[in-house]
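Asks: Next one to model:
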Amino acid sequence: MSTTNPTPLWQPDRERVARARITKFQAWAAERHGAPADGGYAALHRWSVDRLDTFWQAVTEWFEVGFSTPYARVLGDRSMPGAEWFPGATLNYAEHALRAADTRADEPALLYVDETHEPRPVTWSELRRQVGSLAAELRDLGVRPGDRVSGYLPNVPQAVVALLATAAVGGVWTSCAPDFGARSVLDRFQQVEPVVLFTVDGYRYGGKEHDRRDTVAELRRELPTLRAVVHIPLLSTEAPDGALEWSALTSADVTPVYEQVAFDHPLWVLYSSGTTGLPKAIVQSQGGILVEHLKQLGLHCDLGPEDRFFWYTSTGWMMWNFLVSGLLTGTTIVLYDGSPGYPDTGAQWRIAERTGATLFGTSAAYVMACRKAEVHPARDFDLSKVQCVATTGSPLPPDGFRWLHDEFAQSGAELWIASVSGGTDVCSCFAGAVPTLPVHIGELQAPGLGTDLQSWDPSGKPLVDEVGELVVTNPMPSMPIHFWNDPDGSRYHDSYFDTYPGVWRHGDWITVTSRGSVIIHGRSDSTLNRQGVRMGSADIYEAVERLPEIKESLVIGVEQPDGGYWMPLFVHLAPGAVLDEALLHRIKQTIREQLSPRHVPDEVIEVPGVPHTLTGKRIEVPVKRLLQGSPLEKAVNPGSVDKLDLLRFYEELARKRP
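Replies: Next comes the predicted model:
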């Protein structure tokens, strides 16, 4: 991935720059708060990290954040971990998410789509009414501020209502998708001890119905803190004994009562993938998420009331929480519940067409799958409303940028491509979309406002145009307020702050280029280090998976007891492909010529599949541990893996290897 390509793939025209919300914000902040009027995004970003307090005050004013009690200061304590944001302030996240009901009662807040691909609207007034009814019922059930409320739910309107009603009463929301097995859900929910569980009887995926009643029964048995279970009949089965019916709790015509809570009051618990132990239970605050998401969605994603925001996600991934926050900017959000590739690979584009999506978010893997399957999105679907295609989950390879650009260019469209990167840990993006900047192939446009993102060497020296550790040197409002069941904060500290004291180390290898863009090379804890040359696994995948015979790949660098270094490349072949001498030669030649001779693998091994976390990320570190001789139960948390049998294959491989 070169950082020297000066020609942008895309450049916003003058009119687009002028109408972008971030442009208007900069002019307003220059007048009110001394932000630089000139110098474009780079100058605004510099100001936002140099004048952190002023910047975040400006965000709250620009978006008219309603503090029911005013704050004493923007930042009380700015040390990390433990930064104290807007001390003294009280507010409510759900109140802000439902503000548009006052002015746009009959317009859609949600568009719900299942595998029939027919959108069904839920208006702002109907959403607010259901939230009001459910919030009153939660209070009647004894749910008090700080109590945990859990959802074992697909991406359906009821999940949004349940989250907002929980936030309205000051409860703490947490969710898992119904494709998670009982053990995976219990590994998460048992940590936080929920008092209410919202659940479905099953879900539909890939044209099939999946009954989850047995799993729900197990959750009820193993969660002794539950006071109530609420049944949502997605497959239209009767409620189990003792469960409350969703329809009965959401039928009243009630205006929501919003509990006014401290800025740092917990809003929800998200979970790390938990591949190597119990998932970390990451707690983020009502105020921190509110202001971070207003900034990210309203300025970086350029979303407002006229937009329709679609991101393919499940309730078990932070992108679902991020999608729901689209309501904060008055945007209509699109909820899709189903397989990303049903009935065919083009499914997500069809949903974008049918819902009139203006921002279409997906995974890099989906983009590359469409390219391989020779899907032609802009030719086969009316995507004239789509202003931006955003990707996350893994770095979008350069070929993905080119393919998206060329596909839309053929229909005469100028497409803004936003590859974004952040994490569950902050439920936001460290770097990515900026509507006023050019897009360069293989690069994220810039670090986010208020995010002091840098690339550091091991001694803590900032690097430019060189690979280093992704660090954030100033606090962000959505950084966790704590982890659940981490009373002395040691697990939180060790997760991000043990390498560089007082500085957030995220665990990604990145390059910050001299023009301010960012390149992500993959996780630093699975980085390939051969003869002192470091390379991210993402770079290898990008090169190898261009070959039509390779469906997916996994590369691991294993330090050997004798001081040696073994680097196998595992390949999952496309149907009909054979790993013969000719293909082996092409794989090695591709890596040697496109990346580096030092990163040609020692072995290329055909595998039945590549294991992933439940949110679709390739599992590298646990496979490395298996190859180093760890038993499966110590190398990985079985409940965090999509196909455990695949890991048994790697364990057996390690056992047989001399």
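
Asks: Strands along the stretch 201-350 of the chain, start to end?
Replies: Here the stretch 201-350 of the chain has its strands, by DSSP state E, counting those that start in this stretch, at 202-205, 208-211, 228-232, 244-245, 261-262, 266-271, 281-285, 308-311, 332-336.

Asks: So what touches stretch 210-225?
Replies: Applying CB atoms under 8 Å, 6 or more residues apart in numbering, the external contacts of stretch 210-225 come out as 150, 152, 178-179, 181-182, 185-186, 189-190, 193-195, 197, 199-204, 226, 229, 235, 237, 240. C-beta here means a position set from N, CA and C on the backbone, and glycine is covered the same way.

Asks: One more: stretch 177-193?
Replies: 148, 150, 152-155, 172, 174, 176, 197, 200, 202-203, 205, 210, 212, 215, 218-219, 222-223, 225, 269, 271, 274, 278-279, 281, 314-317, 484-485, 614, 637-640.

Asks: what is the mean pLDDT for that stretch?
Replies: What stretch 177-193 shows for mean pLDDT is 90.

Asks: Repeat that for stretch 90-107.
Replies: For stretch 90-107, mean pLDDT is 98.

Asks: buried residues in it?
Replies: 90-101, 104 (16 or more other CB atoms under 10 Å).

Asks: so of those residues, which ones are in helices?
Replies: When DSSP state H defines the helices, the subset of these inside them is Tyr93, Ala94, Glu95, His96, Ala97.

Asks: between these, which is nearest Gln26?
Replies: His96 (22.9 Å; CB to CB).

Asks: how about low-confidence regions in the stretch 551-658 of the chain?
Replies: For the stretch 551-658 of the chain, applying pLDDT under 70 flags the ranges 561-564, 658.

Asks: Sketch out the strands for it, chain order is fine.
Replies: 558-559, 565-566, 568-573, 603-606.

Asks: about what we covered before: could I get the buried residues of stretch 90-107 as CSV with distance to Glu84?
Replies: Formatted as CSV, the buried residues of stretch 90-107 follow (distance: CB to CB, whole Å):
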residue, distance to Glu84
Thr90, 15
Leu91, 16
Asn92, 20
Tyr93, 18
Ala94, 23
Glu95, 23
His96, 21
Ala97, 24
Leu98, 28
Arg99, 27
Ala100, 31
Ala101, 32
Arg104, 36
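
Asks: which one among those residues gets closest to Pro480?
Replies: For the buried residues of stretch 90-107, the nearest to Pro480 is Tyr93 (16.0 Å; CB to CB).

Asks: circling back: would you write a PyMOL line that selects the buried entries of the contacts of stretch 177-193?
Replies: Selection of buried members from those for PyMOL, criterion 16+ other CB under 10 Å:
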select buried, resi 148+150+152+153+154+155+172+174+176+197+200+202+203+205+210+212+215+218+219+223+269+271+274+278+279+281+314+315+316+317+484+614+637+639+640
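
Asks: coming back round to it: reformat the ones in helices among the buried residues of stretch 90-107 as TSV; add distance to Gly34.
Replies: Formatted as TSV, those follow (distance: CB to CB, whole Å):
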residue	distance to Gly34
Tyr93	29
Ala94	33
Glu95	30
His96	27
Ala97	31
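
Asks: which one of the strands of the stretch 551-658 of the chain is the most hemmed in?
Replies: Counting by mean count of other CB atoms under 10 Å, strand 568-573 has the highest mean neighbour count of the strands of the stretch 551-658 of the chain, with a mean of 22.

Asks: out of the strands of the stretch 551-658 of the chain, which comes closest to Lys551?
Replies: When the strands of the stretch 551-658 of the chain are compared by CB to CB, strand 568-573 sits nearest Lys551, at 4.8 Å.

Asks: which residues in the stretch 251-400 of the chain form helices?
Replies: When assigned using DSSP state H, counting those that start in this stretch, the helices of the stretch 251-400 of the chain occupy the ranges 286-293, 318-324, 347-355, 364-372, 377-380, 398-409.

Asks: Export the ones you listed to CSV and append columns for mean pLDDT, mean neighbour count and distance to Leu453.
Replies: Shown next, in CSV, are the helices of the stretch 251-400 of the chain (pLDDT from 0 to 100; neighbours: other CB atoms under 10 Å; distance: least, CB to CB, whole Å):
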stretch, mean pLDDT, mean neighbour count, distance to Leu453
helix 286-293, 98, 27, 14
helix 318-324, 96, 24, 18
helix 347-355, 97, 22, 29
helix 364-372, 88, 20, 20
helix 377-380, 95, 17, 31
helix 398-409, 94, 19, 21
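
Asks: Quick one: closest of these to Ile417.
Replies: The nearest among the helices of the stretch 251-400 of the chain, by CB to CB, is helix 398-409 at 5.3 Å.

Asks: tell me the angle of that closest one relative to helix 347-355?
Replies: In terms of direction (axes from the mean of the first three to the mean of the last three CA atoms, to 10 degrees), helix 398-409 departs from helix 347-355 by 40 degrees.

Asks: what helices or strands is helix 398-409 leaning on?
Replies: helix 364-372, helix 377-380, strand 416-419 (3 or more CB pairs under 8 Å, 6 or more residues apart in numbering; DSSP states H and E).

Asks: Now find how far off-centre the second one is within its chain.
Replies: Taking the mean C-alpha point of helix 377-380 and that of its whole chain, the gap between them comes to 26 Å (CA atoms, centre = their mean, to the nearest Å).

Asks: before we move on, what about the last one?
Replies: Computed by CA atoms, centre = their mean, the separation of strand 416-419 from the middle of its chain amounts to 15 Å.

Asks: helices or strands next to that strand in the packing?
Replies: strand 388-392, helix 398-409.

Asks: got a list of contacts for it?
Replies: Here strand 416-419 makes contact (CB under 8 Å, 6+ apart) with 9-10, 12, 301, 364, 387-392, 395-396, 401, 404-405, 432-433, 435, 439, 443-445.

Asks: if we go to 7 Å?
Replies: Applying CB atoms under 7 Å, 6 or more residues apart in numbering, the external contacts of strand 416-419 come out as 10, 12, 387-391, 395-396, 401, 404-405, 432-433, 435, 439, 444-445.

Asks: following the lengthiest strand in the chain, which helix or strand shows up next?
Replies: The single longest strand within the chain, with elements called by DSSP state E, is strand 504-512. Using DSSP states H and E, the helix or strand that follows strand 504-512 towards the C-terminus is strand 518-523.

Asks: Assess the claim that Val467 and Asp508 are in contact.
Replies: No - look at Val467 against Asp508 with CB atoms under 7 Å: they stay out of range, at 10.4 Å.

Asks: Spit out the contact partners of Phe381.
Replies: Neighbouring residues of Phe381 by CB under 7 Å, 6+ apart: Trp349, Arg350, Glu353.

Asks: now, which of those residues sits nearest Phe570?
Replies: Trp349 (30.4 Å).
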